[in-house]
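Q: here is the input, now give the coordinates:
(chains A, B, C and D)
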2 protein chains.
Amino acid sequence: MAKFTKTDNCKNCVDCNKKIPLFQLLTKAELTELNTSRYEVKFKAGETIFKQGTSATHLLILTSGLAKFYVEGVQEKQLIIRIIKPWEIVGQASLYFDNRHHYSIAALDDCTACFIEIESFKKMIRQNPNFAEDFITQCTRKGVFSYEKMVSLSQKQMHGRIADGILYLSKRIYESNQFSLHLSRQDIADLTGMSKDSAIRILKEFHNEGIIELDGKNLNVLNAEQLERISETG
Amino acid sequence: MAKFTKTDNCKNCVDCNKKIPLFQLLTKAELTELNTSRYEVKFKAGETIFKQGTSATHLLILTSGLAKFYVEGVQEKQLIIRIIKPWEIVGQASLYFDNRHHYSIAALDDCTACFIEIESFKKMIRQNPNFAEDFITQCTRKGVFSYEKMVSLSQKQMHGRIADGILYLSKRIYESNQFSLHLSRQDIADLTGMSKDSAIRILKEFHNEGIIELDGKNLNVLNAEQLERISETG
DNA sequence: GTTATTTGTTGATAAATGTCGATTTGTATT
DNA sequence: AATACAAATCGACATTTATCAACAAATAAC
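A: Next comes the predicted model:
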């Protein structure tokens, strides 16, 4: 179970706030107000942070670690929508809807998570138009990301989807061509909408063709251009 | 080509505004301001209203007719994200992003469309917190809708996806069990992420099994419960 | 009304993808 | 190191889905 350590290793909210672009639009007073309701929880790899269907009372910001953002689909299958990195604000979808989590978040790694009370966040939206605008910007970006993901999932074949998945991890998450993967093969399958066996097969193919080098959890993107090409042709 | 008839049969913006829930949060003065920049355009069935990739300067509200909201995927294929009905505000995704349309809108029917200048809309967001909040609510609802759609597209088999498509049209769009379809068979395929041939096949199956009655464009949902069941089991 | 063109329909076939079982590898525990 | 357990791997096979060709029906153009 997750260990509750209320603002233990997060004594300095101010420094932490500086890392969150959205929060730089707040005044010192507003930040202080937001920080009073914050608390921190540590999660071990594999633990569930938010569970789909439970009630949403707080927004989430990771301060360390990685997590998967997924929805629970048919027959216990997971669909990983995206990977959560530190300093991203998570929980928008529930903010003004029905106060339920419509997705689950699970730690892919040991994580430190900071929780912000929804009502104080809403207050900032109401009283600070810059904050509201920036927040809406993030929502709309996610919308466009969703459309691209839908195209990938529904119109591309397995090679294109795996290429999309690798490029997403490499460009958006790890921001490097070479990284140590936090996702299992099953996670990669859940991210790209296919069976685990198929994901393994395509990854092996890419490896054999020299497009990537994959050894256990170590992934090295050798030919990003070709991945882009595979992504585009579907 | 679309015929431009600047506020011709839309002399009374006030009445029109009453039909748009979001606009009821605005003051009389704000509404007047928004209305000064509005103009109306008529589109014939099949015409493109927004084209993906072009620059976005206005938001769209249909005052009559139906349109499809789709993204252009791989190999000229379309993915229909949703169907647009009158009084829904369309264009959020571009509002605060890069002022480009990331999707296309095409009339499924003869449509009357009203365009609202983005900047005056943004001004309302800044000056009216209720308006901003409600707008965010709509964005988040669309987010949740997207997740459900992704699950449908990536985890359900054709029967489940067609069931989802029919239920969507019946419950959300036409709000009736019996209606005259504005979508072609190809459109239904694009809405459910499959080939036209496959869509026709499943529809025929549902027809033969007495779940629906489909004759040309006339669709009658005979057994909605069974459609729900098919949707859930994938 | 007749012709041309699109849209819809169907069966046969091929391609893509999932499932299953067996085996191996890796990791944690004692 | 030995054991237990989970994750990864792989080939064979079954199922799902797309593609193609041929044709029918509906619609638009003349």
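Q: okay, CA-based contacts and neighbour counts for the rest of this
A: Fine.
Q: what parts of chain A come near DNA strand D?
A: Selection of chain A residues close to DNA strand D by C-alpha under 7 Å from any atom of the strand yields A:L183, A:S184, A:R185, A:Q186, A:K196, A:D197, A:I200, A:R201, A:K204, A:D215, A:G216.
Q: restricted to buried residues, select the residues you listed in PyMOL.
A: This is how PyMOL selects the buried members of the residues of chain A next to DNA strand D, with burial counted by 16 or more other C-alpha atoms under 10 Å in any protein chain shown:
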select buried, chain A and resi 183+185+186+196+200+204
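Q: in helices, which of the residues of chain A next to DNA strand D appear?
A: Counted as lying in helices by DSSP state H, out of these, are A:R185, A:Q186, A:K196, A:D197, A:I200, A:R201, A:K204.
Q: of all pairs in these, which one is the farthest apart?
A: With distances taken as C-alpha to C-alpha, the most widely separated pair in these is A:Q186 and A:K204, at 14.4 Å.
Q: centre-most residue in chain A?
A: With distances taken as C-alpha atoms, centre = their mean, A:I84 lies nearest the centre of chain A, 2.1 Å away.
Q: residue contacts, it?
A: Neighbouring residues of A:I84 by C-alpha atoms under 8 Å, 6 or more residues apart in numbering or on different chains: A:L62, A:L66, A:A67, A:K68, A:F69.
Q: touching DNA strand C at all, the top helix by length along chain A?
A: Ordering each helix of chain A by length in residues (DSSP H) puts helix A:129-155 first. No - using C-alpha under 7 Å from any atom of the strand, helix A:129-155 stays clear of DNA strand C, with a minimum separation of 8.1 Å.
Q: mean confidence for that helix?
A: Mean pLDDT, helix A:129-155: 91.
Q: what do you get for stretch A:104-113?
A: Rounded mean pLDDT across stretch A:104-113 is 92.
Q: what sits up against that stretch?
A: A:40-52, A:60-72, A:182-183.
Q: just the buried residues of the residues you listed.
A: A:40-45, A:47-52, A:60-72, A:182-183.
Q: before we move on, the earlier item: may I see the buried residues of the longest helix of chain A?
A: For helix A:129-155, using 16+ other C-alpha under 10 Å, the buried residues are A:129-144, A:146-147, A:149-155.
Q: is the next helix-or-strand element following it positioned near chain B?
A: Using DSSP states H and E, the helix or strand that directly follows helix A:129-155 along the chain is helix A:158-167. No - using C-alpha under 8 Å from any C-alpha of the partner chain, we find that helix A:158-167 stays clear of chain B, coming within 10.2 Å at best.
Q: so what's A:F115 up against?
A: If you count contacts by C-alpha under 8 Å, 6+ apart, then A:F115 has A:R38, A:Y39, A:E40, A:V41, A:H58, A:L59, A:L60, A:I61 around it.
Q: now secondary structure and distance to B:E232 too, for these, in CSV please.
A: Output for those, formatted as CSV (DSSP: H, G, I helix; E, B strand; the rest coil; distance: C-alpha to C-alpha, whole Å):
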residue, secondary structure, distance to B:E232
A:R38, coil, 38
A:Y39, strand, 38
A:E40, strand, 37
A:V41, strand, 35
A:H58, strand, 30
A:L59, strand, 30
A:L60, strand, 30
A:I61, strand, 33
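Q: of the residues you listed, which is the nearest to DNA strand D?
A: The shortest approach to DNA strand D among the contacts of A:F115 belongs to A:V41, at 23.1 Å (C-alpha to the nearest atom of the strand).
Q: so what's the closest one bridging to?
A: A:F4, A:A113 (DSSP bridges).
Q: hang on, it packs against A:S64?
A: No - checked against C-alpha atoms under 8 Å, the pair A:V41 and A:S64 is beyond contact range at 10.9 Å.
Q: quick check: closest non-adjacent residue to A:L227.
A: Distances taken as C-alpha to C-alpha, 6 or more residues apart in numbering or on different chains put A:A163 closest to A:L227, at 5.3 Å, once the chain neighbours are dropped.
Q: so that neighbour sits against A:E228, correct?
A: Yes - if you go by C-alpha under 8 Å, A:A163 and A:E228 touch, sitting 7.1 Å apart.
Q: residues in contact with stretch A:129-144?
A: By C-alpha under 8 Å, 6+ apart, stretch A:129-144 touches A:22-23, A:25-26, A:92, A:124-126, B:92-97, B:102, B:125-127, B:129, B:132, B:136, B:139-140, B:142-143.
Q: so A:F115 lies in a helix, does it not?
A: No - checked against DSSP: H, G, I helix; E, B strand; the rest coil, A:F115 lies outside a helix; its state is strand.
Q: how close does the residue nearest to A:L227 sit to DNA strand D?
A: From A:A163 across to DNA strand D, the span is 16 Å (C-alpha to the nearest atom of the strand, to the nearest Å).
Q: count of residues packed around that residue?
A: 26 (other C-alpha atoms under 10 Å in any protein chain shown).
Q: what do you get for A:T27?
A: 11.
Q: and it, how far from DNA strand D?
A: Applying C-alpha to the nearest atom of the strand to A:T27 and DNA strand D gives a distance of 45 Å.
Q: then A:K51?
A: Taking C-alpha to the nearest atom of the strand, one finds A:K51 at 18 Å from DNA strand D.
Q: now the phi/psi pair for that residue, please.
A: Backbone torsions for A:K51, taken as degrees, to the nearest 10, come to phi -120, psi 130.
Q: residues contacting it?
A: A:H101, A:Y103, A:S104, A:I105.
Q: can you rerun that using 10 Å?
A: A:Y70, A:V71, A:E72, A:R100, A:H101, A:H102, A:Y103, A:S104, A:I105, A:A106 (C-alpha atoms under 10 Å, 6 or more residues apart in numbering or on different chains).
Q: test my guess that the fifth one contacts A:F69.
A: No - taking contacts as C-alpha atoms under 10 Å, A:H101 lies outside contact range of A:F69: 11.2 Å.
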